[in-house]
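Enquirer: Sequence first, predicted model second:
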Protein chains: 2
Amino acid sequence: MITFYPGPSKVYPQVAQYVQEAVASGIISQNHRSPAFVDLSKNTITTFKEKLGVPADYWVFYASSATECWEIIAQSLIQTQSFHIYNGAFGQKWAAYTHKLGIEVQAQVFEVNELLAIEKLNIPSKAELIAITHNETSNGTALTNAQIAQLRQQYPEQLIAVDATSSLGGVYLDFSQADIWYASVQKCLGLPSGMALMVCSPRAMERAKILNACNHYNSLAFMIEKMEDWQTTYTPNILNIYLLNRVMQQISSIKTIDEIIQKRFTNYLHFLQAETNLTLLCEVPEARSATVLAIKGSLNRIAHIKAEAQKQNIILGNGYGAWKETTFRVANFPAITDNEMVLLQDFLKSII
Amino acid sequence: MITFYPGPSKVYPQVAQYVQEAVASGIISQNHRSPAFVDLSKNTITTFKEKLGVPADYWVFYASSATECWEIIAQSLIQTQSFHIYNGAFGQKWAAYTHKLGIEVQAQVFEVNELLAIEKLNIPSKAELIAITHNETSNGTALTNAQIAQLRQQYPEQLIAVDATSSLGGVYLDFSQADIWYASVQKCLGLPSGMALMVCSPRAMERAKILNACNHYNSLAFMIEKMEDWQTTYTPNILNIYLLNRVMQQISSIKTIDEIIQKRFTNYLHFLQAETNLTLLCEVPEARSATVLAIKGSLNRIAHIKAEAQKQNIILGNGYGAWKETTFRVANFPAITDNEMVLLQDFLKSII
């Protein structure tokens, strides 16, 4: 089986060996208030920040899923109003979830084939938090670091929260330009599902402390209190923290990974153009995601590709929502090898 | 290192091998809406119910921690009022958490050395849910199946919710006598931390559907909807579900495990009496937990035991709360072997 599913996705093959180590060392049987856990947690977060270029004064928190991060943000960082900008299903879901939790939600929806014009945005100052999706897993689009920096510049007062679920760990992100970044570990970090990470700026932390929501076990003010000692508010997924630690030690720094991912993305583009009559769903070069490719074709062609892939034990991502029948998705995540990319291209060539 | 910590605790040594299988088979890279995941989830829950004697019409749900189960119960199964009965820190925390979430909480506190007299309870009919702790991890006490059955008989209308965090999978529980049972997998189930299980009666499910709380991703009505297809409301800890599956296949049925645990508990009792001047914190035989032993001694003696244990790489549970300095705790969980028990006893003999 080769999987190009955009999450849960291929895990680093080393994970099997790392788990052996984790069991043998006894770390996963250690209490989550023990010095052994604290050491592990501190080392993991420190290495994560180093490898991914997270500013020194930003904090990192563990959560159980990106979905939980939606809840943490809504319950701990917004009192009344948030503003959501999205062009796809996950951005929309985030807005809907926030609304369900009692927040007044305003939204600016844009098109898959539209480069978001930051200068044309008109975000009311009453919106305490601006929610954007760096990488929209459903349709293979992404924002650029430059767009996020421009947003920061235009709206210096409000908190900016970024869904980087399927890009964090795969491409270079300029964390300094936003306040909250979250991602689940089963995408670009190449780990088993069951954990998410939330990166917070000093301003986000300050805001959480001022609002001081602390009714929930995942209230950020309470999470900060525990994270002062590198701990969590409940027994965390210690095995996944250990695996994150080992993977962070193993990987190159994010700039190197970014180069590899961008190069492969370009390779895919050339391949699609030269060898197939398939195209990317998103036609605007600057708006394309490098980590999740949504590939478009006729209904029949896409159905044929999916059926053949299944026969050959190649797992592709289905299209999502409106594009369910006319696209398939391919993860271009760091744990996937160049060889696997070549195999996928050979397969596509062979059946087209 | 040998650990007797009552959670996270010793994992089954087979876990290392099961993870190899999980990585090799690709199951952990499968999407959580895929047929492969659905098969795994269905098989896991079915085997879990068989091995643990869960009634056929009860449902099982995955959560990320027992703490999350407190939240699920408060948000999805109580509108106004709950009644909590406890004699220790975890029962107290559950009551406090429920109160924080806006529920009117009444409580009946009893003593560690008191056999809870069910017939003397006076629970108002306004309390929609009665919360009890089957096994109080903080002080090594437990309720009996007979007590829970009596409670059920006396209060047939109200929901009964049971914290079985450190007993589920270790001793026989008569699930039919209560409506909600929850436990985390890192105690008697011998798995890595990062997941909890919640077992619900048809009445609990019906109640969740009537209240129809569905604002949160962990709202029970929403969880039920997804579990109709053996799925979850967010990407779950698929690796731990796989490990639970394999461990459920491996273990004996709960009646056999119960016998082993009770026999070992009796062995510990005889040992303490015959070879040491240590006693159990709880002096009432019927109120003692078989899975978590809180062992009492003078301040100096306990400090000495802890220091020596650390030197010899034996991890004991610290005392909890008021008993921090005068007790230590020993897990008597199924993944711990008879040999390890003997080693612990030899160690205690050698230093006393």
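Expert: Arrived safely, thanks for sending.
Enquirer: How is chain A divided into domains?
Expert: Structural domains annotated on chain A: A:2-8+A:253-351, A:15-250, as defined by automatic domain parsing.
Enquirer: Please tell me how far the residue lying closest to A:Ala142 once chain neighbours are set aside sits from A:Phe90.
Expert: With C-beta to C-beta, 6 or more residues apart in numbering or on different chains as the measure, A:Ser289 is the residue that lies nearest to A:Ala142, at 3.9 Å, once sequence neighbours are left out. Backbone N, C-alpha and C define where each C-beta goes, glycine included. With distances defined as C-beta to C-beta, to the nearest Å, the gap from A:Ser289 to A:Phe90 amounts to 12 Å.
Enquirer: A:Ala335 now?
Expert: Using C-beta to C-beta, one gets 21 Å for the distance from A:Ala335 to A:Phe90.
Enquirer: Sketch out the helices for the stretch 251-352 of chain A, chain order is fine.
Expert: Under the criterion DSSP state H, counting those that start in this stretch, the stretch 251-352 of chain A contains helices at A:254-275, A:299-311, A:338-351.
Enquirer: do you know which of those helices lies nearest chain B?
Expert: Taking C-beta to the nearest C-beta as the measure, these were each checked against chain B, and helix A:299-311 came out nearest at 10.9 Å.
Enquirer: Now do that closest one: everything it contacts.
Expert: Contacts with helix A:299-311, where a contact means C-beta atoms under 8 Å, 6 or more residues apart in numbering or on different chains, come from A:278, A:296-297, A:315-316, A:318-319, A:325-328, A:347-348, A:351-352.
Enquirer: Buried residues of that helix, list them for me.
Expert: Judged by neighbour count (16 or more other C-beta atoms under 10 Å in any protein chain shown), helix A:299-311 contains these buried residues: A:Arg301, A:Ile302, A:Ile305, A:Lys306, A:Ala309.
Enquirer: Next: stretch A:78-97.
Expert: Residues of stretch A:78-97 classed as buried under the neighbour-count rule (16+ other C-beta under 10 Å) are A:78, A:81-95, A:97.
Enquirer: Which ones, among those, also lie beside chain B?
Expert: Residues shared between the buried residues of stretch A:78-97 and the neighbourhood of chain B are A:Tyr97 [C-beta under 8 Å from any C-beta of the partner chain].
Enquirer: In helices, which of the buried residues of stretch A:78-97 appear?
Expert: Judged by DSSP state H, helices contain the following of the buried residues of stretch A:78-97: A:Ala89, A:Phe90, A:Gly91, A:Gln92, A:Lys93, A:Trp94, A:Ala95, A:Tyr97.
Enquirer: out of these, what pair is the most spread apart?
Expert: A:Ala89 and A:Tyr97 (12.2 Å; C-beta to C-beta).
Enquirer: Mind telling me which residue of the stretch 201-350 of chain A is nearest chain B?
Expert: Closest residue of the stretch 201-350 of chain A to chain B, C-beta to the nearest C-beta: A:Asn237 (2.9 Å).
Enquirer: How about the secondary structure of the nearest residue to that residue once chain neighbours are set aside?
Expert: Sequence neighbours aside, B:Gly194 is the residue nearest to A:Asn237 in space, at 2.9 Å (criterion: C-beta to C-beta, 6+ apart). Here B:Gly194 is coil, with the state taken from DSSP: H, G, I helix; E, B strand; the rest coil.
Enquirer: Contact partners for B:Gly194?
Expert: With C-beta under 8 Å, 6+ apart as the criterion, the residues that contact B:Gly194 are A:64, A:194-195, A:235-240, B:64-65, B:185-186, B:237, B:240.
Enquirer: what does the stretch 251-352 of chain A put close to chain B?
Expert: With the criterion set to C-beta under 8 Å from any C-beta, the stretch 251-352 of chain A comes near chain B through A:Ile315, A:Gly317.
Enquirer: try 10 Å
Expert: Residues of the stretch 251-352 of chain A lying close to chain B by C-beta under 10 Å from any C-beta of the partner chain are A:Asn313, A:Ile315, A:Gly317, A:Asn318, A:Ala331, A:Ala335.
Enquirer: separation between the fourth one and B:Tyr58?
Expert: With distances taken as C-beta to C-beta, A:Asn318 is found 33 Å from B:Tyr58.
Enquirer: residues in contact with the nearest residue to A:Ile352 once chain neighbours are set aside?
Expert: With C-beta to C-beta, 6+ apart as the measure, A:Thr276 is the residue that lies nearest to A:Ile352, at 5.2 Å, once sequence neighbours are left out. Applying C-beta atoms under 10 Å, 6 or more residues apart in numbering or on different chains, one finds that A:Thr276 lies in contact with A:Ile295, A:Gly297, A:Arg301, A:Ile305, A:Gln345, A:Leu348, A:Lys349, A:Ile351, A:Ile352.
Enquirer: Could you pull up phi and psi at A:Thr276?
Expert: With angles defined as degrees, to the nearest 10, A:Thr276 sits at phi -140, psi 170.
Enquirer: how near is it to A:Tyr320?
Expert: If you go by C-beta to C-beta, the gap between A:Thr276 and A:Tyr320 works out to 21 Å.
Enquirer: for the residue lying closest to A:Phe222 once chain neighbours are set aside, helix, strand, or coil?
Expert: Spatially, and ignoring its direct neighbours in sequence, A:Phe222 is nearest to A:Cys214 (4.9 Å; C-beta to C-beta, 6+ apart). With three-state DSSP as the basis, the three-state label of A:Cys214 is coil.
Enquirer: Before I go, just wanted to say thanks for your time.
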